[in-house]
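In: need a structure here:
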Amino acid sequence: MKIRYYLLSVLLLWSAFSFAQGSKVTATASSTQVAAGEQFEVYFTTSGNISSFDRPSFAGFNVLSGPNQAFSQSSVNGQTTSSMTISFVLSAAKEGEYTIGSATMTVDGRDYKSNPLRIKVTKGRAGTQQQQPSGAGGRQSGASPSGKSSDISGRLFMRAIANKTNVYQGEQIAVTYKLYTNIPIVGNEADKLPDFNGFWSQEIKGSNNIDWKQEEYNGQRYHVAVLKEIILFPERFGKLTLDPLIMTFLVRTTVPSNDPIEQLFGGGSYEDVKYKVKTAPVTINVKPLPDAGKPEGFDGAVGQFSIVGSVDKSSLKANEALNYNLKITGSGNLKLLKAPQVNFPADLEKYDPKINDRITESMSGVSGTRDYTYLLIPRHEGNYTIEPLKFSYFNPATGKYVTLNAGPFELKVAKGAPGSNVTAYSSGNQKDIKMLAKDISYIKTNTSGLYKKGSAFFGSGTYYILLFLGPLLFIGAFIYRNQYREKNRDQVKVKGRNANKIATKHLANAQKQLAAGNKTMFYQDVYKGLYQYLSDKFNIPAAELNKEHIVEKLTQAGIKEELISQLTDTLDLCEMARYAPMGVSAEQQVFDKAKSIINDIENHA
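Out: The predicted structure follows:
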């Protein structure tokens, strides 16, 4: 016991002494011997506050990713310190021995240089699997190479929960999509939403803010959020399957530290990993509506409903309008109901019904009221009877059909004024008024507006001009199409021509970020704009898009050394700005310089 205590005390004293020596920059590599074409990582680690970073040249290597950042914390004798690692993903094109020079960091106001690294590159082997970078700043797709997929699967998953899986055709089903997690989530994106083939769907509109709750599932406690709530109505019977919801999450996982002191006190860094999640398919058994007891005229209503009919007047004159209203209230497939077929007397002129919905959707179902308002116009005097309406629906709770009646309604129509127009009101309190024309219009006797034979458009000079203009336009369009195809045949040249436009978009976004005060995004947009422009303009592949290759391409294109130097200085300034705060004047200067560099290259080219 005393020996263990003594060892712990020595370790604590040694670590405290090491931290007291001040900050320094340490360069390490994931492997110092790699095959040609194999990916590996180089790390530059320091403690303290970084104000600038100057990377080495990486001559002989291709920079595939970087600079990427990672932070770690450690606790020594009750004092918590942090360190930051800047990493690059590299690969060597050919075998040999290379030296990666020192990187320079300004930490807490002082400059520090890292130790150089010697990397031996051997001949590449056919079929060698490329090692995926483990610290590429969350750029990995799928689980990390350390095999965390099984670890994440138990800590992050989604479920599609249906309130019932055995229903009748047309019966409403509530489906909830839930996310379960007890691991930090950095970001997410939806890859594929369910198609709901065979269902009519109605999404429940909720708040845009995710409401997290605690829930226990299979003996584990999770943070749970409702992602989506849907009401479904099966449109056919049989076994229907709900397609899965597929999403990709960026999750933050802890990476164990190689430092024994950090391991002793639970320290370490983290990495962000992409992880794809999908819900398990849900099968719904949909039973057909029974034929036994199906009423005549049944039109597919499923749920629980009531119906009320009314007329806004029972005594009126011929050619006056009245409104016949049917109100269906209840819960079920209200939005799928068809307009009821009412048998009106032949002397009542009718118009298509106006539909007014007052319907709410919730996880308990679709409920509310649907009104059908028919405009009716009696053309002759007399007594009329609107026969009772029979409305039938299927009640899935009892498994039986129900038939309801509305009416009848008696109408007394008096003689109307001869030759009067008809004024129709769409509803008793609305202001929209429509004047219906008379049944028969008189034959015109005034022939002053008629054309004489031979004076029409057919056979005129304008007719023949337009007749020959069509083929000419077709020939012109054919020639233009061929020229357009020839001009855009070479995609490299097309990208070169459009390079300035793409760069202008990035710089416009950068100017917006500058106006909004978002400095990080400003430098990122300028940086991306310059690199995208150079890639498109000089046909530089993304894997070769480094400063050394850019300088070589620009020199071959005959760009002046002064302009190339301005370009590399601007790129370095944008990289450094990711770690060191800069003034507004410097930001405006960077923007103007980037714009000027692109214009000068365009004028030279």
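In: Secondary structure element holding the residue nearest to Ser306 when sequence neighbours are not counted?
Out: With CB to CB, 6 or more residues apart in numbering as the criterion, Ser306 has its nearest non-adjacent residue at 5.2 Å, and that residue is Thr329. For the C-beta atoms, the positions are set from N, CA and C on the backbone; glycine is no exception. Counting by DSSP states H and E, the element that carries Thr329 is strand 322-332.
In: Send me that strand as CSV with only the CA atoms.
Out: In CSV, the C-alpha atoms belonging to strand 322-332 read as follows (Å, rounded to 0.1, in the frame of the first residue of the first chain):
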residue,chain,number,x,y,z
LEU,A,322,-81.2,29.2,-51.1
ASN,A,323,-78.4,27.3,-49.3
TYR,A,324,-78.7,23.6,-48.4
ASN,A,325,-76.1,22.7,-45.7
LEU,A,326,-74.9,19.3,-44.5
LYS,A,327,-72.6,19.3,-41.5
ILE,A,328,-70.6,16.1,-40.7
THR,A,329,-68.9,16.0,-37.3
GLY,A,330,-66.8,13.3,-35.8
SER,A,331,-63.4,11.5,-35.9
GLY,A,332,-62.0,9.5,-38.7
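In: returning to what we had before: enumerate every residue touching the residue nearest to Ser306.
Out: Going by CB atoms under 8 Å, 6 or more residues apart in numbering, Thr329 touches 305-308, 368-369.
In: Weed out the non-buried ones from those residues.
Out: Among the contacts of Thr329, those buried by neighbour count (16 or more other CB atoms under 10 Å) are 305, 307, 369.
In: Would you check how far apart the last one and Val311 are?
Out: It refers to Thr369. Applying CB to CB, to the nearest Å, the value for Thr369 to Val311 is 18 Å.
In: cool, and the first one?
Out: To Val311, Phe305 is 21 Å away according to CB to CB.
In: repeat for Ile601
Out: With CB to CB as the criterion, Ile601 and Val311 are 79 Å apart.
In: of the two, who's got more company?
Out: Set Ile601 next to Val311 and count neighbours by other CB atoms under 10 Å: Ile601 wins out with 23 against 17.
In: Just to check, the more buried one is in contact with Leu563?
Out: Yes: using CB atoms under 8 Å, Ile601 is in contact with Leu563, at 7.1 Å.
In: which parts of stretch 506-523 are buried?
Out: 506-507, 509-511, 513-514, 519, 522-523.
In: For Lys287, state which of the residues you listed is nearest.
Out: Checking the buried residues of stretch 506-523 against Lys287 with CB to CB, the nearest one is Asn509 at 55.3 Å.
In: so that closest one touches Asp525, yeah?
Out: Yes: using CB under 8 Å, Asn509 makes contact with Asp525 at a distance of 4.7 Å.
In: first vs last residue of stretch 92-109, how far apart are they?
Out: 34 Å (CA to CA, to the nearest Å).
In: Show me how far that stretch is from its chain's centre.
Out: For stretch 92-109, the separation from the chain centroid amounts to 40 Å (computed by CA atoms, centre = their mean, to the nearest Å).
In: With stretch 457-471 instead?
Out: The answer for stretch 457-471 is 52 Å, by CA atoms, centre = their mean.
In: Same question for stretch 504-521.
Out: For stretch 504-521, the distance to the chain centre is 22 Å (CA atoms, centre = their mean).
In: and that stretch, what's its mean pLDDT?
Out: For stretch 504-521, mean pLDDT is 79.
In: Need the CA coordinates for it. CSV is fine.
Out: This file holds the C-alpha atoms of stretch 504-521, laid out as CSV (Å, rounded to 0.1, in the frame of the first residue of the first chain):
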residue,chain,number,x,y,z
THR,A,504,-17.9,35.3,-56.8
LYS,A,505,-20.6,33.4,-55.0
HIS,A,506,-18.2,32.3,-52.3
LEU,A,507,-16.9,35.9,-51.9
ALA,A,508,-20.5,37.2,-51.8
ASN,A,509,-21.2,34.8,-48.9
ALA,A,510,-18.1,35.9,-47.2
GLN,A,511,-19.1,39.5,-47.4
LYS,A,512,-22.5,38.6,-45.8
GLN,A,513,-20.7,36.7,-43.0
LEU,A,514,-18.4,39.8,-42.5
ALA,A,515,-21.4,42.1,-42.2
ALA,A,516,-23.0,39.7,-39.7
GLY,A,517,-19.9,39.6,-37.6
ASN,A,518,-19.2,35.9,-38.2
LYS,A,519,-15.4,36.0,-38.6
THR,A,520,-14.8,32.2,-38.7
MET,A,521,-17.3,31.7,-41.5
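In: quick one: the helices in the stretch 501-605 of the chain?
Out: Applying DSSP state H, counting those that start in this stretch to the stretch 501-605 of the chain gives helices spanning 519-537, 547-556, 561-577, 584-604.
In: and those as a markdown table, adding distance to Pro288?
Out: Formatted as a markdown table, the helices of the stretch 501-605 of the chain follow (distance: least, CB to CB, whole Å):
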| stretch | distance to Pro288 |
| --- | --- |
| helix 519-537 | 57 |
| helix 547-556 | 68 |
| helix 561-577 | 66 |
| helix 584-604 | 67 |
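In: right, and these - which one's nearest Thr283?
Out: Comparing the helices of the stretch 501-605 of the chain under CB to CB, the one sitting nearest is helix 519-537, at 46.0 Å.
In: so who does Gly365 touch?
Out: Taking CB under 8 Å, 6+ apart, we find Gly365 in contact with 172, 174, 231, 303, 331-332.
In: now swap in Phe394 and tell me
Out: Residues near Phe394 by CB under 8 Å, 6+ apart: 168, 170, 289, 298, 301-302, 400-402.
In: Please enumerate the shared neighbours of Ile601 and Leu563.
Out: Residues touching both Ile601 and Leu563 (CB under 8 Å, 6+ apart): Leu554.
In: returning to that earlier point: roughly how far apart are the residue nearest to Ser306 and Pro388?
Out: Counting by CB to CB - Thr329 and Pro388 are separated by 18 Å.
In: could you point out where the stretch 101-250 of the chain is predicted with low confidence?
Out: 124-150, 206-209 (pLDDT under 70).
In: for it, what spans make up the helices?
Out: Residue ranges of the helices in the stretch 101-250 of the chain, as given by DSSP H, counting those that start in this stretch, are 149-153.
In: element containing Glu375, please.
Out: To be clear, residue 375 is Leu; Glu isn't right here. strand 365-378.
In: Determine how far that strand lies from the middle of the whole chain.
Out: With CA atoms, centre = their mean, you get 38 Å for strand 365-378.
In: can you pull the buried residues of it?
Out: For strand 365-378, by 16+ other CB under 10 Å, it's 365-367, 369-378.
In: as a whole number, average confidence for that strand?
Out: 89.
In: Restricting to C-alpha, output the helix or strand just after it in CSV.
Out: Counting by DSSP H and E, the next helix or strand C-terminal to strand 365-378 is strand 382-386. Provided in CSV are the C-alpha atoms of strand 382-386 (Å, rounded to 0.1, in the frame of the first residue of the first chain):
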residue,chain,number,x,y,z
GLY,A,382,-94.7,25.2,-56.4
ASN,A,383,-94.1,23.0,-53.4
TYR,A,384,-90.9,20.9,-53.4
THR,A,385,-89.5,18.3,-51.1
ILE,A,386,-85.8,17.6,-50.6
